[in-house]
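Trainee: task: produce atomic coordinates for the following.
(chains A and B)
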2 protein chains.
Amino acid sequence: MTPDPSALPEVERELSLLLRRARALSAELSREIHPDIDAGGYALLSTLTEAGPLRANDLAELFGVDKSSISRQVQRLERLGLLERRHDDSDRRALLLGATPEGRRRLAAAADARRLRFRARLGAWNEADVTHLAALLRRLNAALG
Amino acid sequence: MTPDPSALPEVERELSLLLRRARALSAELSREIHPDIDAGGYALLSTLTEAGPLRANDLAELFGVDKSSISRQVQRLERLGLLERRHDDSDRRALLLGATPEGRRRLAAAADARRLRFRARLGAWNEADVTHLAALLRRLNAALG
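Mentor: Purely as a prediction, here's the structure:
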């Protein structure tokens, strides 16, 4: 079956809008973590917390940005005590970057606040719509993955 | 009606995954526009093309990043001939940043390629699911906006 020619462009437009909303939200959350970190620093700290300690090169590749952009963010987060460098046990010459306990604590607090806000916004939806949205997003991710 | 307690966290998880996928895709697209620009440069050029010429301050606020991060991206895009600075007619001291015709051309080509890939991935969905996804994303955006 061919999809409705009018609905696919609408999905594209709504996804673009959703990504812009998500970017604005990240900017907001980053300021809640610390007034001196920006959306890029927030994304970096969040990735290090989720994906464990990583090398700067891995982060640069993951974000599709220059290593110099990563280095600036790393220096700033380190100065704020939210990120630390440690030696890689499997390769003593390599440095691994990871969130400090304080970094993880602040990130968790921001994530809780985001979750509460998200749930407040969607709290009025009926069960069937939430379940359907979850299922369609899962299929969308599978299709794009 | 209260939403299913198991479905809302799933929507959150799928949205997080979708955002990571979108970030990886942006990194890929940025390299197609020019091997020397990264995901940040792509987002900046794309915003300038959609939202018209803007000042560096407006861009920094929009992206939730430092003006210095914006300046680095602007310099790089300008050097590549994809972005230009011009005087603001309403305020001769102010500079507006905008995409060059070449910047717009490359961005449009990358957007076409992205659209084709997206449609190929969702081409097998039936009409009802695509329409339903569009409607739920529209409601989600309205709820988050």
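
Trainee: all helices for chain A, in order.
Mentor: With helices called from DSSP state H, chain A shows them at A:7-33, A:39-51, A:56-63, A:67-79, A:101-122, A:127-144.

Trainee: redo the ones you listed as TSV? Include distance to B:Leu83 and mean pLDDT.
Mentor: C-betas here are computed from N, CA, C, even on glycine. Output for the helices of chain A, formatted as TSV (distance: least, CB to CB, whole Å; pLDDT from 0 to 100):
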stretch	distance to B:Leu83	mean pLDDT
helix A:7-33	19	86
helix A:39-51	19	88
helix A:56-63	21	85
helix A:67-79	17	89
helix A:101-122	33	91
helix A:127-144	29	94
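
Trainee: hey, which of those is tucked in deepest?
Mentor: By mean neighbour count, with neighbours taken as mean count of other CB atoms under 10 Å in any protein chain shown, helix A:39-51 ranks first of the helices of chain A at a mean of 21.

Trainee: send me it as PDB with only the CA atoms.
Mentor: Listed next in PDB are the C-alpha coordinates belonging to helix A:39-51 (Å, rounded to 0.1, in the frame of the first residue of the first chain):
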ATOM      1  CA  ALA A  39      23.400  23.000  25.000                       C
ATOM      2  CA  GLY A  40      26.600  21.500  23.600                       C
ATOM      3  CA  GLY A  41      28.000  21.000  27.100                       C
ATOM      4  CA  TYR A  42      24.700  19.500  28.300                       C
ATOM      5  CA  ALA A  43      24.600  17.000  25.400                       C
ATOM      6  CA  LEU A  44      28.300  16.000  26.000                       C
ATOM      7  CA  LEU A  45      27.800  15.500  29.800                       C
ATOM      8  CA  SER A  46      24.600  13.600  29.100                       C
ATOM      9  CA  THR A  47      26.300  11.300  26.600                       C
ATOM     10  CA  LEU A  48      29.200  10.600  29.000                       C
ATOM     11  CA  THR A  49      26.800   9.700  31.800                       C
ATOM     12  CA  GLU A  50      24.700   7.400  29.600                       C
ATOM     13  CA  ALA A  51      27.500   5.800  27.500                       C
END
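
Trainee: so what touches it?
Mentor: The list of residues contacting helix A:39-51 from outside it, by CB atoms under 8 Å, 6 or more residues apart in numbering or on different chains, reads A:23, A:26-27, A:29-30, A:33, A:37, A:54, A:59, A:62-63, A:69-70, A:73-74, A:76-77, A:82-83, A:97-99, A:103-104, A:107, A:110, B:23, B:40, B:63-65, B:69.

Trainee: give me the mean pLDDT for the longest strand that chain A contains.
Mentor: Criterion DSSP state E: the longest strand present in chain A is strand A:91-99. For strand A:91-99, the mean per-residue pLDDT is 87.

Trainee: skipping adjacent residues, who's closest to A:Leu144 in space?
Mentor: Spatial nearest neighbour of A:Leu144, excluding adjacent residues (CB to CB, 6 or more residues apart in numbering or on different chains): B:Arg21 at 5.2 Å.

Trainee: distance between stretch A:126-138 and the chain's centre?
Mentor: Taking CA atoms, centre = their mean, to the nearest Å, one finds the center of stretch A:126-138 at 22 Å from the center of the full chain.

Trainee: before we move on, the earlier item: quick check, the residue nearest to A:Leu144 in contact with A:Ala142.
Mentor: No. Applying CB atoms under 8 Å as the test, B:Arg21 and A:Ala142 come out as separate, 10.5 Å apart.
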